[in-house]
Every structure is written in structure tokens, then in C-alpha cells.
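**Q** sequence and predicted model, in that order:
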Amino acid sequence: GQSLEQPSEVTAVEGAIVQINCTYQTSGFYGLSWYQQHDGGAPTFLSYNALDGLEETGRFSSFLSRSDSYGYLLLQELQMKDSASYFCVGRTGGFKTIFGAGTRLFVKA
Amino acid sequence: DAEITQSPRHKITETGRQVTLACHQTWNHNNMFWYRQDLGHGLRLIHYSYGVQDTNKGEVSDGYSVSRSNTEDLPLTLESAASSQTSVYFCASSAGGQLTDTQYFGPGTRLTVL
């Protein structure tokens, strides 16, 4: 089957760095995306890794290793507003996507 | 500014009724998607379309149908609503590409089937 596994919850302190891991089992894998979703809101795009390596966008970085079927999202200089759910998303077969169950990030003062 | 809208935002219906959820995007994107999200879960793909007259089944397509008559709209129809279809429904669109995969999501429709 096709699936993506990520931790259900992560807690970190404001100003710290947190890493959210994602391992996947998918056929026809094209790449890995990350989305953020605040309670009651819609998912918003953070990053996409089509190739192995690190992609950096401001305080957020995402990494992909195809050989390990593994990726992660790194959030630096955590802020209270970063408290949200984060989803890793596998792209398979064209533009079809499969979402992980999500990681709930709690940022404490 | 380009956007993606959904209507209605909230809907309550009865078991067995037909329900249609609207999705409209002004991004001029070829790709459009419908997802459902249940409490505490990720999004599951219902149907998707890569262009006009193209529709494809996702992982949870039973009981749902879509049609794509133009670029802007992808309405989702529940043929005979069931209580198991109570959920939040999100529509999304993307331009697609080899090195990009940004999906833009609508605000969601909260559907309750009694």
C-alpha cells in the first residue's frame, strides 16, 4: 500500500528548532511536499522536494532522501504562530497526492 | 488576485439526499482536486482532474462524482448522502510542473449528514 508516517505530536519552546520526520512507502513516487494547517483553516503550501537534498525557504527547510524513503521539515526560530498541524504529502502518478496523518506542533512560551 | 472559492461553507442535509458542493478557481490551473478531512486525520483524495473533460478517482471515491466542463469549476456531487460522509471538504488547484507542486486550497465546506 501507499502510506506516509509522521509523528502525531511534537512540542517545542519558542525560539527553538524542531524537526518533523516523514517516512513513506509509495509506488511511483515523484516528490514530497509539506503543508501547514491552522485549526479551522485550509492547508497552505510550505515546500516541495522533487530532488534529494535540502530546500530552504526562510525559517523553514525541507529535506528528502529517496534512497531512505525519508524526509523532514525543519522549523527554526520557532514562533507561537507556528503552532499548527504539518502534513507531509507524497506526489505519485502525475499530480496525484497522498497525505500523511499530520503532526500537531505545540509551541510553548 | 487569483483565488479559489467553495460554496456553501456550511451545509446540513439528510441521509439519501443529493448534495453538490461547488469549487471555483481563477488561477487558470489545469489541475483540480477534491479532498475530505475527518477530525484528527490528514486529507484523503476523493477525485481529481487534469483538465476539461478529464476526471479521475482518488482513494475514497465511492459515493462521490465530479464533472469538469470548464477550467474554472469542479463541482463535487454526493449522489445519496450518508452519515459517513459528514466531513470537511477541501477543493484545491495546481498548475503542476516537474519541480513544483503547489496546491492552493479553498476555505473548505463543512458538511453534516443527519
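**A** Looks like it came in fine.

**Q** give the bridge partners for the residue sitting nearest the centre point of chain B, please.
**A** For chain B, the residue sitting closest to the mean C-alpha position, by CA atoms, centre = their mean, is residue B:34 at 2.7 Å. Using DSSP bridges, the bridge partners assigned to residue B:34 are residue B:47, residue B:91.

**Q** and the end-to-end length of stretch B:36-45?
**A** Using CA to CA, to the nearest Å, the end-to-end distance of stretch B:36-45 comes out at 7 Å.

**Q** quick one: contacts for the residue nearest to the centre of chain B?
**A** For residue B:34, the contact set (CB atoms under 8 Å, 6 or more residues apart in numbering or on different chains) comprises B:23, B:45-48, B:58, B:64, B:66, B:74, B:76, B:89-92. For glycine as for every other residue, the C-beta is placed from the backbone atoms N, C-alpha and C.

**Q** of the residues you listed, which pair is most distant in space?
**A** The largest separation in the contacts of residue B:34, counting by CB to CB, is between B:64 and B:92 at 15.3 Å.

**Q** these two: which is more packed in?
**A** residue B:92 (27 against 19; other CB atoms under 10 Å in any protein chain shown).

**Q** isn't that one right up against residue B:27?
**A** No - at 10.4 Å, residue B:92 and residue B:27 do not qualify as touching, with contact defined as CB atoms under 8 Å.

**Q** interface residues of chain B facing chain A?
**A** Remark: the part of chain B in contact with chain A comprises B:31, B:33, B:35, B:40-45, B:48, B:50, B:56, B:58-59, B:90, B:92, B:94, B:96, B:98-108, using CB under 8 Å from any CB of the partner chain.
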